[in-house]
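# attaching a predicted model along with its sequence, questions to come.
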Protein chains: 2
Amino acid sequence: MRSNADDDRRWLAVALEQAQIGWDEGGIPIGAALVHDGELVSVGRNRRVQQGSVIRHGETDCLENAGRLTARTYQASVLYTTLSPCFMCAGTVLLYRIPRIVVGENRTFETSEELLRSHGVQVDVLDDVECHTLMQRLLGDKPGLWNEDIGVEP
Amino acid sequence: MRSNADDDRRWLAVALEQAQIGWDEGGIPIGAALVHDGELVSVGRNRRVQQGSVIRHGETDCLENAGRLTARTYQASVLYTTLSPCFMCAGTVLLYRIPRIVVGENRTFETSEELLRSHGVQVDVLDDVECHTLMQRLLGDKPGLWNEDIGVEP
């Protein structure tokens, strides 16, 4: 996978915009963007609050919004996400053999990066302050909602 | 987790009914059922064809249909599925810390059982002939559709 720092910041900003929209909707501020061959395919954001969904995290919502793609397309794509993926989203990356993910931050949450790397996925963490700040607002204001999203008892 | 062979066959039959409905709809014949404390919570089936969904496998559709549950509920539930889970569905089981899954068959497909067991999930495989027969019909009639569902190039 080609990797260009300017492109990565640009696409992460698209994912971050989704996270901000989610926050403004009263939801969990995690967003994602799928990029194939330098072109944006789809965006997504966590929809737990907005749709009562337990499977539409930022990454899975983004992939769902992309629709049915060929295996070849997934295998030449990069998934941008504002937060390090949970096991569900990491498993989705493994299912579709997406070869690279770019993570906004992993200080708030990190559980699957070793699994992803053990399967050959390139995981690049940008340690982005804005991604982190949004999550810290969630943890401060709505800790129960965050715990629900990661299957933890409040 | 309590485990009773008659109960397991009974709940697997509920998941298998979903798989059969999916097949009759022209879809991928994989179904699931979520059981909490001996009571059926929800059922689901693969919706790739029916809804153009890339994230609604049998297991994830079932969990989505259950709605927002408490962490405590997931952690006292059993997920029945007609086919051994892909990484996405296994990751969802890990996210919500579902402690036990019962699998109809794993002869057609098996990729995540080691991962699940390494995280303490009890995986019981019933080696059910009817679950296997439905999948063999899919592989015979629509191999491209199955490959798409598991991210493999036709």
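Thanks, I have the structure now.

# for chain A, which residue gets nearest to chain B?
residue A:91 (2.5 Å; C-beta to the nearest C-beta). For the C-beta atoms, the positions are set from N, CA and C on the backbone; glycine is no exception.

# enumerate every residue touching that residue.
Shown in contact with residue A:91 (C-beta atoms under 8 Å, 6 or more residues apart in numbering or on different chains): B:86, B:87, B:88, B:89, B:90, B:91, B:92, B:94, B:112.

# skipping adjacent residues, who's closest to it in space?
Sequence neighbours aside, residue B:91 is the residue nearest to residue A:91 in space, at 2.5 Å (criterion: C-beta to C-beta, 6 or more residues apart in numbering or on different chains).

# find the helix or strand that that neighbour is a member of.
helix B:87-95 (DSSP states H and E).

# sec struct for the residue most central in space within chain A, please.
With distances taken as C-alpha atoms, centre = their mean, chain A has residue A:81 as the residue nearest its mean C-alpha position (2.9 Å). Using DSSP: H, G, I helix; E, B strand; the rest coil, the structure places residue A:81 in strand.

# contacts only, for it.
A:15, A:30, A:31, A:32, A:58, A:59, A:62, A:89, A:101, A:102, A:103, A:104.

# and the contacts of the biggest helix by length in chain A?
In chain A, taking DSSP state H as the definition, the longest helix is helix A:5-24. Helix A:5-24 has contacts (C-beta under 8 Å, 6+ apart) with A:28-33, A:35, A:38, A:40, A:43-47, A:50, A:58, A:62, A:78, A:80-82, A:102, A:104, A:124, A:126, A:128, A:130-131, A:134, A:137-138.

# what's the ChimeraX line that selects buried ones from the residues you listed?
Here is the ChimeraX command that selects the buried residues among the contacts of helix A:5-24 (16 or more other C-beta atoms under 10 Å in any protein chain shown):
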select /A:28,29,30,31,32,33,35,43,44,45,46,47,50,58,62,78,80,81,82,102,104,126,128,131,134,138
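
# quick one: name the residues of chain A near chain B.
Chain A has residues A:48, A:52-56, A:60, A:63-64, A:66-72, A:74-75, A:86-92, A:94-97, A:112, A:115, A:147-148, A:150-154 near chain B, with proximity defined as C-beta under 8 Å from any C-beta of the partner chain.

# farthest pair within the contacts of residue A:91?
The distance between the two most remote of the contacts of residue A:91 (C-beta to C-beta) is 12.8 Å, for B:86 and B:94.

# low-confidence ranges, chain A, go.
Where chain A drops to pLDDT under 70, the residues are A:1-3.

# please enumerate the helices of it.
Under DSSP H, chain A gives helices at A:5-24, A:48-51, A:58-66, A:71-74, A:87-95, A:113-118, A:129-141, A:143-149.

# mind giving me CSV with the ones you listed and columns for distance to residue B:6?
As requested, the helices of chain A are exported to CSV (distance: least, C-beta to C-beta, whole Å):
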stretch, distance to residue B:6
helix A:5-24, 45
helix A:48-51, 36
helix A:58-66, 35
helix A:71-74, 41
helix A:87-95, 31
helix A:113-118, 36
helix A:129-141, 45
helix A:143-149, 34
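
# tell me the most buried of these?
helix A:87-95 (a mean of 28; mean count of other C-beta atoms under 10 Å in any protein chain shown).

# could you check the angle that helix makes with helix A:58-66?
Per axes from the mean of the first three to the mean of the last three C-alpha atoms, to 10 degrees, the angle that helix A:87-95 makes with helix A:58-66 is 50 degrees.

# just the CA trace of helix A:87-95, in PDB.
In PDB, the C-alpha atoms belonging to helix A:87-95 read as follows (Å, rounded to 0.1, in the frame of the first residue of the first chain):
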ATOM      1  CA  PHE A  87     -12.600  -6.700  17.800                       C
ATOM      2  CA  MET A  88     -15.800  -6.600  15.700                       C
ATOM      3  CA  CYS A  89     -14.400  -4.000  13.400                       C
ATOM      4  CA  ALA A  90     -10.900  -5.600  13.300                       C
ATOM      5  CA  GLY A  91     -12.600  -8.900  12.400                       C
ATOM      6  CA  THR A  92     -14.400  -7.100   9.600                       C
ATOM      7  CA  VAL A  93     -11.100  -5.900   8.300                       C
ATOM      8  CA  LEU A  94      -9.700  -9.400   8.400                       C
ATOM      9  CA  LEU A  95     -12.900 -10.900   6.800                       C
END
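
# can you give the distance of stretch A:74-89 from its chain's centre?
How far stretch A:74-89 lies from its chain's middle: 5 Å, per C-alpha atoms, centre = their mean, to the nearest Å.

# likewise stretch A:25-45?
Counting by C-alpha atoms, centre = their mean, stretch A:25-45 is centred 7 Å from the centre of its parent chain.
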